[in-house]
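A.B. asks: Return atomic coordinates for the entry below.
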Amino acid sequence: MPPAATNYEIAQVCLLVGKIMLENGGETYRVEDTMSHIAEAFGIANSHSFVTPTGIIFSIDGPEQTTRLIRISSRSTDLRKVTVVNAVSRRISQGELTPNEAYALLESIQADQRRYPLWVQMLAAAIASGCFLIMFQGAWSDFLPAFVAGGLGTFALAYFHRLVPIKFFAEFLASLLIGFIAYLSVKTGFGHNLDTIIIGSVMPLVPGLLITNAVRDLMAGHFVSGVSKGAEAFLTAFAIGAGVAFVLTFYPGKGF
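C.D. replies: Just a heads-up that it's a prediction; the model follows:
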């Protein structure tokens with residue numbers, strides 16, 4: 001019979017679960033709920049977690065009281081990892097995994113760096129941009145300019161984010177490129193309606209998941225996380241708007 005797991009080992013599993021979920025687009029209330037369920041499945045009746053977008057505090061009450069803090073330094077969107085971690089959580093709840101087995105499995109999930117290739121992301125963004133243009137009642141003749149601007153905008157976002165770790169500047173430069181391509185397409189007669197081309201092309205950059213998570217956290221009573229994510233979404237929207245506005249100042253009839 002394997003020795004009983006220590007509070008430290010259980011806390012390690014809970015923190016790693018929370019870290020993976022939070023770094024890949026999980027909502028704050030879902031992270032806390034999952035950590036509590038895992039601790040309970042391992043026999044910990046009294047556990048407490050405090051989750052913010054930049055850190056997780058997890059504590060276990062009792063004679064061997066354990067309190068751990070982990071820092072969240074980067075966040076992205078990979079809902080596949082969130083789904084896989086949820087599956088691990090269910091296996092833990094069903095008693096199929098020990099803390100050591102669960103931790104090893106979670107480490108492999110965290111180390112998995114599989115992503116869609118950049119060309120696939122560009123193609124998906126390009127198609128989505130053209131479809132958004134049509135959804136916003138744009139002309140089919142502008143589908144190709146939006147297709148090109150949306151795809152190159154996604155490439156620019158990934159490229160500039162590697163050069164400049166600050167996401168705000170990468171989003172600003174990507175939207176600036178989208179605005180310039182849209183303006184150039186209209187200027188050369190390749191496109192016709194500047195507004196719909198720009199609107200369709202910037203949609204892949206809009207922080208939809210971030211806004212959704214911010215609202216859901218606020219509704220669940222997690223005001224610190226909700227306001228923080230809302231502020232991050234606002235900065236992203238401001239960066240996109242500033243890049244487009246900079247281009248529009250040089251477009252006759254559309255400037256400020």
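A.B. asks: tally of neighbours for the residue nearest to Leu106 when sequence neighbours are not counted?
C.D. replies: Closest residue to Leu106 apart from its sequence neighbours, by C-beta to C-beta, 6 or more residues apart in numbering: Leu16 at 4.7 Å. Where C-beta positions appear, they are placed from N, C-alpha and C, glycine not excepted. Other residues near Leu16 come to 21 when the count uses other C-beta atoms under 10 Å.
A.B. asks: Please list all residues in contact with Leu16.
C.D. replies: The neighbours of Leu16, taking C-beta atoms under 8 Å, 6 or more residues apart in numbering as the test, are Tyr103, Leu106, Glu107, Gln110.
A.B. asks: go with 7 Å
C.D. replies: The neighbours of Leu16, taking C-beta atoms under 7 Å, 6 or more residues apart in numbering as the test, are Tyr103, Leu106, Gln110.
A.B. asks: Which element, helix or strand, includes it?
C.D. replies: For Leu16, the host element (DSSP states H and E) is helix 7-23.
A.B. asks: Leu209 contacts Gly25, correct?
C.D. replies: Yes. The criterion here is C-beta atoms under 7 Å, and Leu209 meets it with Gly25 at 5.7 Å.
A.B. asks: How is this structure partitioned into domains?
C.D. replies: 7-111, 118-248 (automatic domain parsing).
A.B. asks: For the longest helix belonging to the chain, which residues meet the burial criterion?
C.D. replies: As assigned by DSSP state H, the longest helix anywhere in the chain is helix 223-248. Applying a neighbour-count criterion of 16 or more other C-beta atoms under 10 Å, one finds 225-226, 228-230, 232-233, 236-237, 239-240, 243-245, 247-248 buried in helix 223-248.
A.B. asks: got it, and stretch 124-132?
C.D. replies: Buried, per 16+ other C-beta under 10 Å, within stretch 124-132: Ala125, Ala126, Ile127, Ala128, Ser129, Gly130, Cys131, Phe132.
A.B. asks: who touches that stretch?
C.D. replies: Here stretch 124-132 has contacts from Phe143, Ala146, Phe147, Ala149, Gly150, Gly151, Thr154, Gly200, Ser201, Met203, Pro204, using C-beta under 7 Å, 6+ apart.
A.B. asks: go on, stretch 42-61?
C.D. replies: Here stretch 42-61 has contacts from 5, 7, 10-11, 14-15, 18-19, 22, 28, 31-32, 35-36, 39, 62, 66-72, 75, 99, 224-225, 228-229, using C-beta under 7 Å, 6+ apart.
A.B. asks: what ranges do the strands span in the stretch 1-150 of the chain?
C.D. replies: For the stretch 1-150 of the chain, the strands defined by DSSP state E, counting those that start in this stretch occupy 47-52, 55-60, 66-71.
A.B. asks: Tell me which of the ones you listed lies nearest to Phe190.
C.D. replies: Comparison of the strands of the stretch 1-150 of the chain against Phe190 by C-beta to C-beta identifies strand 47-52 as nearest, at 46.6 Å.
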